[in-house]
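Q: Kindly return the folded structure for what I paste below:
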Amino acid sequence: MTNDRFGMRWGSAGGTALASIDEARAAARFAEQAGFDSFWISHATGVDPIVALACLGNDFPGIGEVGTSVVPLYGRHPVGLAQLARTAQNAVGWRFTLGVGTASKRHVEDALGLSWDKPFSYTREFMAALLPLLADEQAATDGEQVSAHAKLAIKAQATPILLAALGPRMLRFAGGRLAGTTLGQCGPRTISSHILPHLQAGAKAVGRDGSPRIMALVRICVTDDFAGAKTLAREISAQYQSNPSYANATKHEGLDDASDLHLIGSWGQVLDGLAEYAEAGATDLRIEVSAHDEKSRERTRVALADYLS
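A: Numbering: from 1, shown residues only. Now for the predicted structure:
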């Protein structure tokens, strides 16, 4: 099969609940052997993604980019996060990209016991401190919620940042100040009509050249058992729909059932669905194999490897 990748970079979503560095290593090994351009670990209940990627170091040189998607900003400080990011950047040979986000009100207030007041202002103040630290410069900021006065000695190239964003202000900020955005459950119609215009507006407002990155998370399953895969898709989508931002994105997509964003069926059907993301303006894919049984999981992994290698 001809592999043109639709002009997008293809990334592998390594997982949200990796229980050990060995599990992270196994996920990265699959990404490299299958021919993915990048490899991403999420922050949830598993190993810390920045630490895990630093531990992997240069073990998988065939992967051009490794990163987090995403690390929550709440519960961290810019100096500590910059230390971790620059250490990882040094460990992986300048291939590290930092994906960050504010998480959700429920996570910040219930799990962390912190206030989720003014998340956009918090993000802007956090970045005012983090960006110079990642560029080997002095941070000297005093904000209402975040302050930092420090300079780091870690040898590393500047680390690009992708911001998880759905709201207009966050998207314009990502387009104007950062490398772009990394998306969760968000479809091609929303990307073309909402995500892309706000990112471009942010870039234009500050006179930036080039297009900001848009990395779309897409869950796929190559299977003949549509009903089984759909049941899992609905379970996963229900977690996203409890977040008002993702619920609004589903409405924007024109869907009654958010699980319809999961691409289920033959490899040809999955590939047709992925092509829609390229047409919508996505620059990167973050592919997650979301299979309800081992047979479908293996079939999906083989199809990916056959296409990408």
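Q: Please state the offset of stretch 79-90 from the chain centre?
A: In this view, stretch 79-90 has its centroid 18 Å away from the chain centroid, taken as Cα atoms, centre = their mean, to the nearest Å.
Q: Now that stretch: buried residues?
A: Neighbour counts over stretch 79-90 (16 or more other Cβ atoms under 10 Å) mark 79, 81-90 as buried. In short, each C-beta sits where N, CA and C put it, glycine included.
Q: Output those residues as a markdown table; include the columns secondary structure and distance to residue 190.
A: Formatted as a markdown table, the entries for these read as follows, by DSSP: H, G, I helix; E, B strand; the rest coil; distance: Cβ to Cβ, whole Å:
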| residue | secondary structure | distance to residue 190 |
| --- | --- | --- |
| 79 | helix | 35 |
| 81 | helix | 29 |
| 82 | helix | 32 |
| 83 | helix | 35 |
| 84 | helix | 31 |
| 85 | helix | 29 |
| 86 | helix | 34 |
| 87 | helix | 35 |
| 88 | helix | 31 |
| 89 | helix | 31 |
| 90 | helix | 37 |
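Q: Throw those residues into TSV and include distance to residue 59 and pLDDT, thanks.
A: Converted to TSV, the buried residues of stretch 79-90 look like this (distance: Cβ to Cβ, whole Å; pLDDT from 0 to 100):
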residue	distance to residue 59	pLDDT
79	28	98
81	24	98
82	24	98
83	22	98
84	19	97
85	19	98
86	20	98
87	16	97
88	13	97
89	16	98
90	15	97
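Q: List just the nearest of these to residue 108.
A: residue 81 (15.7 Å; Cβ to Cβ).
Q: Okay, residue 6 and residue 216: tell me how far apart.
A: 12 Å (Cβ to Cβ, to the nearest Å).
Q: ditto for residue 190
A: For residue 190, the distance to residue 216 (Cβ to Cβ) stands at 10 Å.
Q: between those two, which one's more packed in?
A: With other Cβ atoms under 10 Å as the criterion, residue 190 and residue 216 differ in neighbour count, and residue 216 comes out ahead with 29 against 24.
Q: Assign a three-state SS to the more buried one, would you?
A: Using DSSP: H, G, I helix; E, B strand; the rest coil, the three-state assignment for residue 216 comes out as strand.
Q: How about the one 5 residues further on?
A: Local secondary structure at residue 221 is given as strand here, using three-state DSSP.
Q: Skipping adjacent residues, who's closest to it in space?
A: residue 229 (4.4 Å; Cβ to Cβ, 6 or more residues apart in numbering).
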